[in-house]
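K.L.:
No sequence on hand, only this structure:
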């Protein structure tokens with residue numbers, strides 16, 4: 001029996017800030033039988049987990065007949081910024097037996113028009129390799145189901161929430177801030 005696993009969007013497992021321009025879905029097939037493969041592949045993208053459970057890709061569905069297909073580029077309608085989308089892959093093997101993947105998600109990043117933040121800096125002269133520390137306390141009045149932080153920095157940043165470090169080793173990648181600035185998305189729901 002064929003299995004579908006290792007779902008990725010642009011090479012990442014459940015990414016939090018994908019650009020709308022170029023989205024590539026990929027997956028792997030597994031089987032106990034040597035040489036097994038798929039006869040057809042259908043990819044579903046939905047606005048909610050529940051829609052995918054009911055078998056509907058209300059945002060986009062695409063089916064191809066290709067035994068070697070392990071990736072597919074998104075070619076559906078423009079996706080909203082700062083939104084979670086759910087997806088899965090269904091295949092039919094060469095004997096006509098269907099199989100489908102688990103459901104995965106990806107989040108789109110902030111669009112330019114959604115960005116409301118302003119650059120902050122301490123007063124005085126800015127110097128190369130000058131590091132500063134910023135702290136902001138937020139009091140939440142209600143439980144939070146999902147919290148994302150979009151962060152950028154002139155050089156590199158380390159982000160902490162409730163004293164715990166979130167993310168990598170000090171990102172995003174350096175750029176010329178007059179032309180472009182990379183933004184990273186972090187899940188702060190925990």
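P.N.:
Cool, the structure landed. Model, not experiment: these values are computed from the prediction. Numbering: from 1, shown residues only.
K.L.:
pLDDT value on residue 121, please?
P.N.:
What the model reports for residue 121 is a pLDDT of 68.
K.L.:
now do residue 115
P.N.:
78.
K.L.:
same thing with residue 169?
P.N.:
Taking residue 169 on its own, its pLDDT is 61.
K.L.:
and what of residue 127?
P.N.:
Residue 127 is given a pLDDT of 65.
K.L.:
Residue 68 too?
P.N.:
74.
K.L.:
And residue 124, by the same measure?
P.N.:
Looking at residue 124, the pLDDT reads 69.
K.L.:
ok, which stretches of the chain are helices?
P.N.:
Assigned by DSSP state H, the chain shows helices spanning 49-53.
K.L.:
Could you list the low-confidence segments of it?
P.N.:
20, 67, 119, 121-132, 154-155, 168-180, 190 (pLDDT under 70).
K.L.:
make it 80
P.N.:
20-21, 35-37, 66-68, 112, 115-136, 151-158, 167-183, 189-190 (pLDDT under 80).
K.L.:
Return the set of buried residues in stretch 69-78.
P.N.:
Buried positions in stretch 69-78, judged by neighbour count with 16 or more other Cβ atoms under 10 Å: 69, 70, 72, 74. The C-beta positions use only the backbone N, C-alpha and C, and glycine is treated the same way.
K.L.:
isn't the second one right next to residue 30, touching?
P.N.:
No. The criterion here is Cβ atoms under 8 Å, and residue 70 misses it with residue 30 at 11.6 Å.
K.L.:
ok so, going back, show me the two of the buried residues of stretch 69-78 that sit farthest apart.
P.N.:
70 and 74 (15.3 Å; Cβ to Cβ).
K.L.:
show me the contacts for residue 93.
P.N.:
Counting by Cβ atoms under 8 Å, 6 or more residues apart in numbering, residue 93 makes contact with 1, 2, 31, 36, 37, 38, 39, 99.
K.L.:
Quick check: beta-bridge partners of it?
P.N.:
Per DSSP bridges, the residues bridged to residue 93 are residue 38.
K.L.:
and it, how far is that from residue 61?
P.N.:
The gap separating residue 93 from residue 61 is 20 Å, by Cβ to Cβ, to the nearest Å.
K.L.:
do residue 143 as well
P.N.:
Where residue 61 is concerned, residue 143 sits at a distance of 34 Å (Cβ to Cβ).
K.L.:
How about residue 100?
P.N.:
13 Å.
K.L.:
Then residue 151?
P.N.:
34 Å.
K.L.:
Which parts of the protein are strands?
P.N.:
Applying DSSP state E to the chain gives strands spanning 3-9, 24-30, 38-46, 60-64, 71-73, 84-93, 98-100, 104-107, 148-151, 157-161, 164-171, 184-187.
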